[in-house]
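>>> need coordinates for the below:
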Amino acid sequence: IAKDEKLAAMNFLNALEKLPGYIEQEQKKITEIQKDLPILQEVINGTWSKESRLSELKTELAAVERKIQLSITQETKEEPAEQTEKQKQTPSISENIVRIKGVHLPRGVL
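Here you go, the predicted structure:
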């Protein structure tokens with residue numbers, strides 16, 4: 001705030017004088033935006049031309065994902081039985097290496 005009273009009053013009056021110019025600028029912006037408003041509302045309210053195709057692809061994707069999940073769960077149910085049979089038949093590779101070469105290593109190295 002100015003120390004001089006007259007200067008402080010003039011600053012206030014100058015600001016008031018600038019207001020009509022600012023109002024006019026904003027009104028011009030409003031009229032320009034209002035020209036585009038009907039077009040933008042049509043875009044918002046309109047339907048996308050490929051919307052039906054997108055929904056078809058989404059349902060197809062969901063069906064494929066279900067098939068994949070079902071095939072994975074069936075494979076995982078079959079695998080544990082096969083793995084236990086293989087483990088019973090052959091000792092682990094690290095045990096074979098130690099037995100064949102006669103090397104004694106501390107546990108956890110292999």
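
>>> could you chop this protein up by domain?
Domain assignment for the chain by automatic domain parsing gives 1-46, 49-87.

>>> just put those in JSON lines and tack on mean neighbour count and mean pLDDT.
Backbone N, C-alpha and C define where each C-beta goes, glycine included. As requested, those are exported to JSON lines (neighbours: other C-beta atoms under 10 Å; pLDDT from 0 to 100):
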{"stretch": "domain 1-46", "mean neighbour count": "9", "mean pLDDT": "90"}
{"stretch": "domain 49-87", "mean neighbour count": "10", "mean pLDDT": "84"}
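
>>> tell me how far residue 16 lies from residue 22.
For residue 16, the distance to residue 22 (C-beta to C-beta, to the nearest Å) stands at 11 Å.

>>> typed the wrong thing, it's residue 7
Distance from residue 7 to residue 22, by C-beta to C-beta: 22 Å.

>>> and the longest helix for this protein?
The residue-count maximum for a helix in the chain (DSSP state H) belongs to helix 5-45.

>>> how far is it from where the chain is centred?
Averaging C-alpha positions (C-alpha atoms, centre = their mean, to the nearest Å) puts helix 5-45 38 Å from its chain's average.
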